[in-house]
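> model this:
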Amino acid sequence: MGYSLTDNAFARLRVSARARLNKIEEAFEDAVIDAPEAEGDLLKAKQALSSPKPRLEAEIRWLIDLSPKKADQALSLLQAGDADAVLRFLGTHTNGLSAANIAADACGRFGDHRFIGPLIEAHADITTDAVAVHLKGVRAAAGFAPVTVEQTQDVLQRLRTRHAAAVVDLLVRQDQPGSTLARLLTDHTGTMVDALVQAFDRWATPHLRELEEQARAELTALETSGTGDVHAAVALLREWDEISQPVQLHYEAKGLDEPRSLRLYTAARSTAVSLANDHAQYDRAQELSSALLEIFRELPSAKRQLIRDLKDLENLQQDVQRETRIQPLQAHVDRLRQDLPRAALLLEGRDWLAPDLARLDHEFAQCLAEGGLDDMALGVVRGLAIDLNAADRPRAAFELLRRYRERSSLQEPDLKAKVAKDLEILRSNADQKDLTRALEAGNLAVASTLAAQMLGYERDEKLRAQLVQIRTAADKKKAAQTGSYLGWGIVAILALVFFVFNAVSDRPSYDPPPSYPDPYAVDTAAGAVADAAAAAAAAEGVDDYLPVPNLPPAYADDYAPLPPPTNSYDSGAAAQPDAGYDYGGSPIFTRSEIETCLADDARLESLRVLVKSNSGVDRYNALVETYNRRCGSFRYRPGDMTDARMAVNARRSSIQAEAEALVAEWGE
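Sure thing, here's the model as predicted:
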């Protein structure tokens, strides 16, 4: 029965808590006459009421704050088995200690969870000082010595433990005891709630241990071979959660993860990650992760982590579908890469009816028709444009990217701006290359036309000034038809191209295509301008210029594509490359390494506008080459990138000062 008022010594002898020793003795003798077979138990009851320590236990567990008449009424209602009548009595005639004792008896006697709430509320009204004061009056009337507050507090603590055990005895006789207690705990707090959770946890521990062993066996089968039963694992985890909920809620109220549940959750999440990364079973990984979000919703860290996981899994599945749909376009672009010179000639001539370009048009149009592939399709074509630019065919790259940018409907504003910048740079590359060739060939009419064309879109004032000089020189040469101007004009354009390589107003944002999808991709640039003067520079002993990459664009954190099927979607752990997926050798940079690269980028940006002499340009190019080698291609976590940017922005002024000091050392 758990906790019972009828087993109390006062109830056995039918005496009031205020009865003196002689009354207790008389009550004992009467009780023995009525029930001689229970003399042993009755003797123990008399001794308990006659000795200070056991008497205190009996007093605390009795109805000391009720009159003898009310106490007898409460016992009668309990023994009559009328739960509703007892509930009404609790609501109108009791509070504090007596109410708690009656409710605890009713929990075990009736097996009715309606008494749990009143029991918790009654304990909230009990204070040690109030009980000690009441006991002082009761004992004075009975002729017994008073008790201390400390003694009272110890007995009250044991009473809470007894009452909590009575509640747990009630709960475990019902279905879903954990959920029932969890619902009650959401509306109550206090020391009684703590005692209930501890008592329930003592009962739950062996049951949870058995469930954990079974659940881990199912999870291990799923993780190692991918052939286990997700439904069986989820069913065991739900059963675990039903029992563990009260303890989980108790920890959640303190903002903590319940340790035992956290360990099992971690194992289950690891299985979901393995299903996605090791076995490419995205549907089952999503099914398990969705179940975990519901099952372990009382674990604060699990909720945050699983929401990210599910978003990553959703994007992974979408990207896998997109990769499948875009594969024909990727395959044709790969075929064009096999003969770049031929592809470049077709593009430079805008021969869109040629079979290779017509097929490219067709595959690109198919991607757009399927919907949702505009960005990815343009990325594939953009990769070919990068290769063309790297092969010193900027005109072909420009024509390619312009055609397909006009045909796609990009939704991301930052991406639109970035591609527009790519086209601007490629056009400048191509025009400068053509301008250099025209001057070297002595074709002054073409040179003048190109210079005028470039003046229509170039914004850099120094570059515009040089273009004006070239156009003026070419026009004078055409007018005068003298050899001296021709030589001067060629020298001018060579100086112009060399300067543009090192002083272009915005460093390039033209990037190679990321491997779809890669969450840590950092775009790398193909070049700020065309290598139109490469041959002339080489003749002077100048190495080819390696352009400064445009480090992660503003939209990278939000727009970065997700990992490939074989890459971890666990943002909390470093992704590991798997067989069959080419990461291009790019490492995952730490926050410190990212910050170093961003600081170097800012320093090069400052140097670019400070360098004036040829010797300074050589030193600058050497720094750029080092920068490209170290920072030209890497992967990163968006959070690390954000922190690194903030750190570098905070010391922009000191980086500018460093650049100025370095230029001073160079004697600029």
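> which strands and helices sit next to the helix or strand residue 311 falls within?
For residue 311, the element it lies in under DSSP states H and E is helix 300-337. When contacts are defined as 3 or more CB pairs under 8 Å, 6 or more residues apart in numbering; DSSP states H and E, helix 300-337 sits against helix 259-277, helix 282-295, helix 355-370, helix 374-390. Any C-beta I mention is one placed from the backbone N, CA and C, and that applies to glycine too.
> Show me what whichever helix or strand comes after the last one is packed against.
Per DSSP H and E, the first helix or strand lying C-terminal to helix 374-390 is helix 394-407. Counting contacts by 3+ CB pairs under 8 Å, 6+ apart, helix 394-407 is packed against helix 340-348, helix 355-370, helix 374-390, helix 413-440.
> Please identify the deepest-packed of those.
helix 374-390 (a mean of 23; mean count of other CB atoms under 10 Å).
> that older thread, ok, which of the helices and strands packed on helix 300-337 comes nearest residue 174?
Relative to residue 174, the nearest member of the helices and strands packed on helix 300-337 by CB to CB is helix 282-295, separated by 21.1 Å.
> buried stuff in the closest one?
Going by neighbour count (16 or more other CB atoms under 10 Å), the buried part of helix 282-295 is 282, 284-293, 295.
> cool, and stretch 637-648?
Buried residues in stretch 637-648 (16+ other CB under 10 Å): 637-638, 640-642, 644-645, 648.
> Over to stretch 12-27?
Taking 16+ other CB under 10 Å as the criterion, stretch 12-27 shows 12-13, 15-19, 23-24, 27 as buried.
> distance between the ends of that stretch?
9 Å (CA to CA, to the nearest Å).
> can you give me the mean pLDDT across that stretch?
Across stretch 12-27, pLDDT averages out at 93.
> Residues touching that stretch, excluding its own?
With contact meaning CB atoms under 8 Å, 6 or more residues apart in numbering, stretch 12-27 is reached by 6, 10, 28, 31, 41-42, 45-46, 49-50, 59, 62-64, 68, 71, 138, 141-143.
> Any stretches of the stretch 351-500 of the chain with poor pLDDT?
478, 480-500 (pLDDT under 70).
> quick one: residue 72 and residue 383, what's the gap?
92 Å (CB to CB, to the nearest Å).
> Please identify which of the helices and strands packed on helix 300-337 is closest to residue 169.
Of all the helices and strands packed on helix 300-337, helix 259-277 comes closest under CB to CB, at 22.7 Å.
> re earlier: dump the helices and strands packed on helix 300-337 into CSV; add distance to residue 602 as well.
Shown next, in CSV, are the helices and strands packed on helix 300-337 (distance: least, CB to CB, whole Å):
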stretch, distance to residue 602
helix 259-277, 36
helix 282-295, 40
helix 355-370, 37
helix 374-390, 24
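> quick check: domain ranges of the protein?
In the assignment given by automatic domain parsing, the structural domains of the chain cover 5-174, 202-298, 328-411, 412-568+580-666.
> how long is the second one from one end to the other?
The reference is to domain 202-298. For domain 202-298, the end-to-end distance is 20 Å (CA to CA).
> Same question for the first one.
Using CA to CA, one end of domain 5-174 lies 23 Å from the other.
> Measure how buried residue 148 is and give me the count.
Look at residue 148: counted by other CB atoms under 10 Å, it has 9 neighbours.
> ok, now the one 4 residues further on?
The burial count assigned to residue 152 is 22, neighbours taken as other CB under 10 Å.
> Look up how far residue 132 lies from it.
4 Å.
> With residue 163 instead?
If you go by CB to CB, the gap between residue 163 and residue 132 works out to 19 Å.
> More neighbours: the two, which one.
More neighbours surround residue 163 than the other of residue 163 and residue 132, with 28 against 18 (other CB under 10 Å).
> doesn't residue 119 make contact with the more buried one?
Yes: in terms of CB atoms under 8 Å, residue 163 counts as a neighbour of residue 119; the distance is 6.2 Å.
> Give me the contacts around stretch 200-211.
164, 168, 171-172, 177-178, 181, 236, 239-240, 243-244, 246-247, 260.
> hmm, 6 Å instead?
Contact with stretch 200-211 is made by 168, 181, 236, 239-240, 243, 246-247, as judged by CB atoms under 6 Å, 6 or more residues apart in numbering.
> Could you do stretch 58-67 as well?
8-10, 17, 48, 71, 97-98, 134, 138, 155, 159.
> buried subset of those residues?
Of the contacts of stretch 58-67, these count as buried by 16+ other CB under 10 Å: 8-10, 17, 48, 71, 97-98, 134, 138, 155, 159.
> Put together TSV for these, with secondary structure and distance to residue 303 on each row.
Output for the buried ones among the contacts of stretch 58-67, formatted as TSV (DSSP: H, G, I helix; E, B strand; the rest coil; distance: CB to CB, whole Å):
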residue	secondary structure	distance to residue 303
8	coil	47
9	helix	51
10	helix	51
17	coil	51
48	helix	52
71	helix	50
97	helix	40
98	helix	43
134	helix	46
138	helix	51
155	helix	42
159	helix	37
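> ok, the residues you listed vs residue 632, which is closest?
residue 159 (72.9 Å).
> The closest residue to residue 186 other than its chain neighbours: which element?
On the basis of CB to CB, 6 or more residues apart in numbering, the spatially nearest residue to residue 186 that is not a chain neighbour turns out to be residue 249, at 6.8 Å. Applying DSSP H and E as the criterion places residue 249 in helix 230-252.
> got a list of contacts for that helix?
Counting by CB under 6 Å, 6+ apart, residues outside helix 230-252 touching it are 176, 178-179, 181-182, 185, 197, 200-201, 204, 207-208, 211, 214-215, 218-219, 258, 261, 284, 287-288, 291, 295, 298.
> Derive a PyMOL selection command for the buried subset of those residues.
Here is the PyMOL command that selects the buried residues among these (16+ other CB under 10 Å):
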select buried, resi 178+179+181+182+185+197+200+201+204+207+208+211+214+215+218+219+258+261+284+287+288+291+295+298
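> Phi and psi next, for residue 14.
Per-residue torsions, residue 14: phi 60, psi 50 (degrees, to the nearest 10).
> Number the residues from 473 up from this point.
Sure, I'll start numbering at 473, so the last one becomes residue 486.
> And it, how close does it get to residue 547?
Residue 486 is 10 Å from residue 547, by CB to CB.
> likewise residue 899?
Counting by CB to CB, the gap from residue 899 to residue 547 is 98 Å.
> Please apply the same query to residue 1133.
94 Å.
> Mind checking which of those two has more residues around it?
Neighbour totals were compared for residue 1133 and residue 547, and residue 547 leads with 19 against 9 (other CB under 10 Å).
> Can you classify the more buried one by secondary structure?
helix (DSSP: H, G, I helix; E, B strand; the rest coil).
> Before we move on, what's the pLDDT of it?
For residue 547, pLDDT reads 93.
> what sits against it?
No contacts exist for residue 547 under CB under 6 Å, 6+ apart.
> isn't residue 845 right up against residue 837?
No: if you go by CB atoms under 6 Å, residue 845 and residue 837 don't touch, sitting 10.9 Å apart.
> Show me where the stretch 1023-1140 of the chain has its strands.
Shown for the stretch 1023-1140 of the chain, no strands are assigned by DSSP state E, counting those that start in this stretch.
> show me where pLDDT drops low in it?
Short version for the stretch 1023-1140 of the chain, where the test is pLDDT under 70: 1023-1058, 1105, 1110.
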